[in-house]
Structure formats: C-alpha cells, structure tokens
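> Please work out how this folds:
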Amino acid sequence: MIAIGEDELICDMAETYGIYSYASLPLLTYATLASGLRPGSRIRQKMDGEPLSELYILSMIFDRIGSIFWSGEGDPPKRLTDLFDGKMDETSGNSGKKIFSSPEEFEREWEGG
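Sure thing, here's the model as predicted:
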C-alpha cells in the first residue's frame, strides 16, 4: 500500500486511528490496521482506480435535484459533475464575475490594466 500511495495511506491512518508516523509501529501492526481501512478510504480508492469521492457523489445528488426542479424553460442548469469530468472550466457560469489567481493580478485589473 505504501508503494501505491504513501500520502493517501498516511492521511487515512491519521484520520482513522490517529497514527501520524508509520515508523512508530511494528510493521505487522501497521499492516493489520491498514488492511482494516474502510472501502471508501483514500488509499482504497487509489488502489481500486475509483475516481468517486464524497464531493463527487454530493455533486451528483445536487445535479439530480437541480434537474428535478428545473421548470423546462430556458437553459438547463449547469452540472457540477461536468466540472469534475473536465467538461466545464471553473469560470463557466460565474454570472459575469471575474476570478483572479493572485492579488497582483487583481491590483493590475483594478488599476486599469
């Protein structure tokens, strides 16, 4: 598991068991605890090649509710899952708001270019 995703495994062990250093435990104990991680843990998702996260699932629910309440008039609501799937960029549908990547970029725009 460590070879597949050391960062994910460290996060899962810290979240689940409060263990922040895998060097602090005997290898067999650490392996036993790692094998007991829940199926939705970061390392399990990475090992299974599973792209779904809790945020993605929540965005699917939001999209479904939005489509249920859409009146059928005008454009259909934008889907959050399109943002995850790369079908829409983060600035799409921002109601004319401009997004800046740094304070310097904002200041240049504020001063007129």
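> okay, now M13: neighbour count?
22 (other C-beta atoms under 10 Å). Backbone N, C-alpha and C define where each C-beta goes, glycine included.
> CA-only coordinates of the helix or strand containing T81 in CSV, if you can.
Taking DSSP states H and E as the definition, one finds T81 inside helix 80-84. Extracted as CSV, the C-alpha positions of helix 80-84 are listed here (Å, rounded to 0.1, in the frame of the first residue of the first chain):
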residue,chain,number,x,y,z
LEU,A,80,-21.3,20.4,-11.1
THR,A,81,-20.2,16.9,-12.2
ASP,A,82,-19.1,18.5,-15.5
LEU,A,83,-16.6,20.5,-13.6
PHE,A,84,-15.1,17.2,-12.2
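> which helices and strands does that helix pack with?
Packing partners of helix 80-84 (3 or more C-beta pairs under 8 Å, 6 or more residues apart in numbering; DSSP states H and E): helix 54-69.
> just checking, what packs against the helix it packs on?
When contacts are defined as 3+ C-beta pairs under 8 Å, 6+ apart, helix 54-69 sits against helix 80-84.
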